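> Prediction below, plus the sequence it came from.
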Amino acid sequence: MLNCAVLGATGYTGAELTRLLLSHPDVRITHLTTRQEKPIPLSEVLPSVPRGVQLQITPYDFEDLRKKADMVFLCLPHTEAMTTGDLFLQAGKVVIDLSADFRLKDATLYPKWYGIDHAFPARLRQAVYGLCEVNRKKIRKAELISNPGCYPTGPSLALIPLLEKKLIKHDPVIINAASGVSGAGKKLVTSTQFCEVDGNYNAYKVNKHQHIPEIEQNLSLAAGREVAITFIPHLLPVYRGILATIYVEPAKKTVTEDEVRRALVTAYGKDPFVRVKPAGQFPSLKDVRNTNFCDIGVSLDARTGRLVIITAIDNLLKGASGQAVQNMNIRFGFPEGAGLI
Ligand SMILES: NC(=O)c1ccc[n+]([C@@H]2O[C@H](COP(=O)([O-])OP(=O)(O)OC[C@H]3O[C@@H](n4cnc5c(N)ncnc54)[C@H](OP(=O)(O)O)[C@@H]3O)[C@@H](O)[C@H]2O)c1
């Protein structure tokens, strides 16, 4: 059995991760932690917890975690996971970080996009970006896995094979994405309160969202040159799910829709969690909600010559905790779908 700890277990991703780990056949949960001073019964945060599970979410105690856990999941706000991640790596633990603190390779991007200097830039070189279908080989040997962001997951899975195969131009890449409100986490902010969100649909952080450099990093690596994107996030008045609509141009006039779809099927045909839609069918949130799937649909508009690609994921699963469990499964040699199917 693998001994796992979840830090930040009271939050949305931490609770979802705990739910998944409870049904994982090869995992024992050693710690669920909070900054709060008194223990909290898990059932208060996760009412669906099976009767008989007596776990508590307890105050964070590094020494106790160090003794009992083999690996830790960090479900902490970004900028809060850097120091904690470094501590557990020094203690020889495997770390899967759900925040953005180890995702970007270039430390100079952190002040601009996250408002702080990176405290441990050497860890950025060590971190393996945990986009499972793309980096499986490296994940198997990683000590530090930086779990991808919710918005970057779908568009990166869709565009990486197409850029690698040179089926699309690296410019322009335009992504309009809409996320359910759980994407913003549990913390209280006015913009995600019920009265602000109910019946509404709005763009936010226009051209300023912190996932822009992460998506650009993924696409630049695939294209072998710098890719600059336009990325506009929107807030959807639903609990969970992200639908992204991506506009790109085929590399040549001779590229067909079928060729693009076949490239995606070839890239992901053996992957349990990426589904490429047949011609004329497109992803929808209800098809992926509460699952670890990423669905991808493709349409080449013969009139404009533009290629539209649509992706859908559940932000708390393939966009966070599901992908984190998938990463753990790959890293420790468990079946990739254990605890997820
Ligand atoms: N929500 C998503 O869809 C999603 C998707 C992908 C990645 N992520 C990333 O995953 C991380 C967790 O996101 P989330 O949505 O689960 O956030 P969340 O619901 O706000 O939960 C974060 C938890 O971390 C703890 N925490 C808060 N501030 C802290 C601090 N200063 N130091 C230590 N612990 C603190 C809190 O627990 P206590 O108050 O009990 O200590 C809180 O419950 C974030 O970095 C986020 O960007 C989120």
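Sure thing, it's come through. Numbering: from 1, shown residues only.

> same question for stretch 302-316, mean pLDDT?
For stretch 302-316, the mean per-residue pLDDT is 98.

> ditto for stretch 108-121
On average, stretch 108-121 scores 98.

> Residues contacting it, please?
78-79, 82-83, 85-86, 100-101, 104, 107, 124, 210, 212-213 (CB atoms under 8 Å, 6 or more residues apart in numbering). C-beta: built from backbone N, CA, C; applies to glycine.

> Distance-wise, check the nearest residue to residue 250 once chain neighbours are set aside relative to the ligand.
Once flanking residues are discounted, residue 250 sits nearest to residue 307: 5.5 Å by CB to CB, 6 or more residues apart in numbering. According to CB to the nearest ligand atom, to the nearest Å, residue 307 and the ligand sit 27 Å apart.

> what's the burial count for residue 307?
Here the count is done by other CB atoms under 10 Å, and residue 307 has 22 residues near it.

> what residues does the stretch 51-200 of the chain put near the ligand?
Listed as neighbours of the ligand in the stretch 51-200 of the chain under the rule CB under 6 Å from any ligand atom: 75-78, 80, 98-99, 149-150, 182-183, 185-187.

> switch to 5 Å and redo it
75-78, 80, 98-99, 150, 183, 185-187 (CB under 5 Å from any ligand atom).

> Between the residues you listed, which sits nearest residue 313?
Comparing these against residue 313 with CB to CB places residue 150 closest, at 7.4 Å.

> thought the closest one was touching residue 179?
Yes: contact criterion CB atoms under 8 Å: residue 150 and residue 179 qualify, at 6.7 Å.

> Who has more neighbours out of these two?
Legend: neighbour count by other CB under 10 Å for residue 150 and residue 179, higher for residue 150 (28 against 23).

> who's in contact with that one?
With CB under 8 Å, 6+ apart, residue 150 has these contacts: 179, 183, 211, 242, 313, 315, 319-320.

> what does the model give the residue of the chain found nearest the ligand for pLDDT?
Residue nearest to the ligand within the chain: residue 11 (1.9 Å; CB to the nearest ligand atom). What the model reports for residue 11 is a pLDDT of 98.

> which residues sit in contact with it?
Going by CB under 8 Å, 6+ apart, the list of residues near residue 11 reads 75-76, 185-186.

> which of those count as buried?
Taking 16 or more other CB atoms under 10 Å as the criterion, what is buried in the contacts of residue 11 is 75-76, 185.

> Distance from the longest helix out of those in the chain to the middle of the chain?
Criterion DSSP state H: the longest helix present in the chain is helix 150-164. Centroid displacement of helix 150-164 relative to its chain, using CA atoms, centre = their mean, to the nearest Å, is 12 Å.

> neighbouring contacts of the helix or strand following it?
Note on helix 150-164: by DSSP states H and E, the next helix or strand toward the C-terminus is strand 174-179. For strand 174-179, the surrounding residues in contact (CB under 8 Å, 6+ apart) are 150-151, 154-155, 201, 215, 229-236, 241-248, 315.

> switch to 7 Å and redo it
150-151, 155, 229-236, 242-247, 315 (CB atoms under 7 Å, 6 or more residues apart in numbering).

> ok, now stretch 153-171?
Applying CB under 7 Å, 6+ apart, the contact partners of stretch 153-171 are 131, 133-134, 148, 173, 175, 215, 218-219, 222-223, 225, 227-228, 242, 244, 246, 248-251, 255, 259-260, 263-264, 267, 274, 294, 296, 307, 309, 311-313, 318-319, 323.

> Only the buried subset of these, as a ChimeraX command please.
If you want just the buried ones from the contacts of stretch 153-171 in ChimeraX, going by 16+ other CB under 10 Å, the selection is:
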select :131,133,134,148,173,175,215,218,219,222,223,227,242,244,246,248,249,250,251,255,260,263,264,267,274,294,296,307,309,311,312,313,318,319,323
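
> taking the contacts of stretch 153-171 one by one, which sit in helices?
133-134, 215, 218-219, 222-223, 259-260, 263-264, 267, 323.

> Output those as TSV; include the columns pLDDT.
What follows is those, written out as TSV (pLDDT from 0 to 100):
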residue	pLDDT
133	98
134	98
215	98
218	98
219	98
222	98
223	98
259	98
260	98
263	98
264	98
267	98
323	98
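
> roughly how far apart are the residue of the chain most remote from its centre and residue 247?
Most distant from the centre of the chain: residue 303, at 34.5 Å, with distances by CA atoms, centre = their mean. If you measure residue 303 against residue 247 using CB to CB, to the nearest Å, the figure is 14 Å.

> Same question for residue 57.
To residue 247, residue 57 is 43 Å away according to CB to CB.

> Neighbour count: the two, which is higher?
residue 57 (25 against 16).

> can you give me how far the host helix or strand of that one is from the chain middle?
Using DSSP H and E, residue 57 falls within strand 56-59. Here strand 56-59 is found 25 Å from its chain centre; the criterion is CA atoms, centre = their mean.
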